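1. I'll drop the sequence and a predicted model, then ask my questions.
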Amino acid sequence: MNIVNDKSLQSIITSHLAGDIIQAESDYRRWLDVHDAAHPLYADCLHYLGVLLIQRSDTAMAREYLQKAVSLRREPLWLVNLAATCCDCGAYQEAEQLCKEALQVDDSIANLHFILGDIAREKNNLPAAIQYYRKALAIQPHHRQAGVNLAAVLQDNGQIQAALHEYRRILAQFPDDAIAQHNYRTLMSKQLPAWHFPMLADHERNILFQRALEKVVTPETVVLDIGTGSGLLAMMAARAGAKCVTACEFNTAVAEIARTVVADNGFNNIAVINKKSTALTVGADGDIQDKADVLVAEIVDAGLLGEGILPTFRHAQRTLLKDNARIIPSGAVVYAQLVQLPRMYAVNPVNNIEGFDLKAFDQFRVSNAPVLVDLNHEPCIRLSAPIAVAHFDFRNIPVAGEHALPSVDVVIEQEGYVDAIVYWFDLQLDDNINLSTSPDSAIFCWQQSAIFFSQRRLAKVGASLQIKVAHNDAQMFFAF
């Protein structure tokens, strides 16, 4: 825009660009009062005043001045700035028309593509929004809001790793961007179940794994850590003196951070591989050069089997471990107890709530799936003593399928309604070191699992109930 010939307007613009918004606004208005539309720079002044009002968040007034400016001269940048105010006012159709008109003349304006991205996002056309935001960033790589919006749309479109990458790029440029920081940390938190943090903080649990590793690791030991998470067990193995450690982690975001954690702690003999263990290859050109001497993993949930420890260990023994490899944990014993859970039974199954029949809502519940419970805090009546119901040897895992185990007879010691069977396990890290998830254990990071029966039954003291027990690769099953 040629404004050099009008020194008074040029000085106002200079003041405006220097950040003196209040004085500049007053001067723009005074300049417009003494000139009319016939002046060759009248439209320019209208435009600059409109931009200033956008900066001052007076969108309605900004739109009015920008409309006057483009009625006199339809500069592409002016059309784009007017489109921005239209978007702020919810006039997306008008904004899109203005952008398309500007696009015919000049497609090199970053904000033009940014606004079209916002319009596509408003229409829920996420692929188009991604393309527009990427175009805006190609023109202006430091376009902060285009980057933030792109990351958010990538997330909404299910492209989680791309979204995380974009947030990291933004934060590398603008480390103090509060919105990008919040969105990034929120998205990162969704990549990791919240129970990881109390597990990491459980000193008793950590020490048991460290002791078990120290008993089997030598300077010649090759260790495989499956589901490394933070890398803690891998680093314990390295600290115990392992020759090398392969730590596999399927979650890309977690694997990236695990690599950082390993590097931060100075270990150069730990390789973090972003794969499922079932995809690992062994050999000179593989993920692991030699089969492992020791396998360590804590891929168990509160119900023991829900994270796939049986199929994972079965595959590892077949393809990733030496014949005499040590396995941590080596086995587990499952204990169970019949319990009355009056509060939880109200929705297991869903029945009458506050006088209303909500049975139809029970369709959203998996009837035989285990439910988390903390017997130390949940109102309950423990009707029987704990009893061992299943023994697992992780060094000799049965073939996949459903396996019926011997039924158990449970004697009622406290009268009440049998709502559920609550179970937990002792994880045998070796023949002498046990990690218990019992409600009476010193290990605090674990809860117990409950499977509710379809019908509660009243049990009298001294009565004996026979419980059928079974399991597959994913969970335990109990029935009368």
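-> Yes, it's here. Predicted, not measured: the structure shown is a model, and the values here were computed from it.
2. Would you mind pulling the contact partners of stretch 151-167?
-> By Cβ atoms under 8 Å, 6 or more residues apart in numbering, the residues outside stretch 151-167 that reach it are 117, 121, 126-127, 129-130, 133, 147, 150, 170, 180, 183-184, 187-188, 191, 252-253. C-beta: built from backbone N, CA, C; applies to glycine.
3. Selection in ChimeraX covering whichever of the residues you listed are buried, please.
-> A single ChimeraX command is used to select the members of the contacts of stretch 151-167 judged buried by 16 or more other Cβ atoms under 10 Å:
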select :117,121,126,129,130,133,147,150,170,180,183,184,187,253
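4. Would you mind measuring from the residue nearest to the spatial centre of the chain to Ala201?
-> For the chain, Lys190 is the residue whose C-alpha lies nearest the centre (Cα atoms, centre = their mean; 1.8 Å). According to Cβ to Cβ, to the nearest Å, Lys190 stands 20 Å off from Ala201.
5. Quick check: which ranges of the stretch 1-150 of the chain have low pLDDT?
-> 1-6 (pLDDT under 70).
6. the helices in it, which residues?
-> Assigned by DSSP state H, counting those that start in this stretch, the helices in the stretch 1-150 of the chain fall at 7-17, 21-33, 42-55, 59-72, 76-88, 92-105, 110-122, 126-139, 144-156.
7. mind putting these in a markdown table, distance to Leu465 included?
-> Listed next are the helices of the stretch 1-150 of the chain as a markdown table, based on distance: least, Cβ to Cβ, whole Å:
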| stretch | distance to Leu465 |
| --- | --- |
| helix 7-17 | 83 |
| helix 21-33 | 79 |
| helix 42-55 | 73 |
| helix 59-72 | 70 |
| helix 76-88 | 66 |
| helix 92-105 | 65 |
| helix 110-122 | 58 |
| helix 126-139 | 54 |
| helix 144-156 | 50 |
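8. Looking at those, which is nearest to Thr278?
-> With Cβ to Cβ as the criterion, Thr278 lies closest to helix 144-156 of the helices of the stretch 1-150 of the chain, at 27.9 Å.
9. Next, the buried residues of the closest one.
-> Neighbour counts using 16+ other Cβ under 10 Å place Gln145, Ala146, Gly147, Val148, Asn149, Leu150, Ala151, Ala152, Val153, Leu154, Gln155 of helix 144-156 among the buried residues.
10. For those, give me JSON lines that also has distance to His471.
-> JSON lines is the format used below for the buried residues of helix 144-156 (distance: Cβ to Cβ, whole Å):
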{"residue": "Gln145", "distance to His471": "52"}
{"residue": "Ala146", "distance to His471": "52"}
{"residue": "Gly147", "distance to His471": "49"}
{"residue": "Val148", "distance to His471": "47"}
{"residue": "Asn149", "distance to His471": "48"}
{"residue": "Leu150", "distance to His471": "46"}
{"residue": "Ala151", "distance to His471": "42"}
{"residue": "Ala152", "distance to His471": "42"}
{"residue": "Val153", "distance to His471": "43"}
{"residue": "Leu154", "distance to His471": "40"}
{"residue": "Gln155", "distance to His471": "37"}
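11. Among those, which one lies nearest to His47?
-> Taking these together and measuring to His47 by Cβ to Cβ, the closest member is Gln145, at 21.1 Å.
12. would Val334 count as being in a strand?
-> Yes: counting by DSSP: H, G, I helix; E, B strand; the rest coil, Val334 is located in a strand.
13. Pull the number of nearby residues for it.
-> When neighbours are counted by other Cβ atoms under 10 Å, Val334 registers 23.
14. how near is it to Asn368?
-> Distance of Val334 to Asn368, computed by Cβ to Cβ: 16 Å.
15. Kindly report the same for Ala60.
-> Counting by Cβ to Cβ, the separation of Ala60 from Asn368 is 59 Å.
16. more neighbours, the two?
-> It is Asn368, of Ala60 and Asn368, that has more neighbours when counted by other Cβ under 10 Å, with 14 against 10.
17. how close does the more buried one sit to Asn348?
-> The spacing between Asn368 and Asn348, counted by Cβ to Cβ, is 11 Å.
18. Likewise for Tyr42?
-> Distance of Tyr42 to Asn348, computed by Cβ to Cβ: 74 Å.
19. same thing with Ile270?
-> For Ile270, the distance to Asn348 equals 43 Å [Cβ to Cβ].
20. Ok, Thr14 next?
-> Thr14 is 71 Å from Asn348, by Cβ to Cβ.
21. Show me which of the two is the more surrounded one.
-> Higher neighbour count among Thr14 and Asn348: Asn348, with 22 against 11, using other Cβ under 10 Å.
22. Quick check: closest non-adjacent residue to that one.
-> What sits nearest to Asn348 in space, not counting adjacent residues and going by Cβ to Cβ, 6 or more residues apart in numbering, is Phe452, at 3.9 Å.
23. hang on, isn't the one you found packed against Pro349?
-> Yes: contact criterion Cβ atoms under 8 Å: Phe452 and Pro349 qualify, at 7.3 Å.
24. For the spatially closest residue to Gln67 that is not a sequence neighbour, the count of nearby residues, please.
-> The shortest distance from Gln67 to any non-neighbouring residue, by Cβ to Cβ, 6+ apart, is to Leu82 (6.4 Å). Leu82 is flanked by 26 other residues according to other Cβ under 10 Å.
25. Wait, Leu82 touches Glu64, no?
-> No: if you go by Cβ under 8 Å, Leu82 and Glu64 don't touch, sitting 10.1 Å apart.
26. Residues in contact with both of those two, list them for me.
-> Counting by Cβ under 8 Å, 6+ apart, the contacts common to Leu82 and Glu64 are Gly50.
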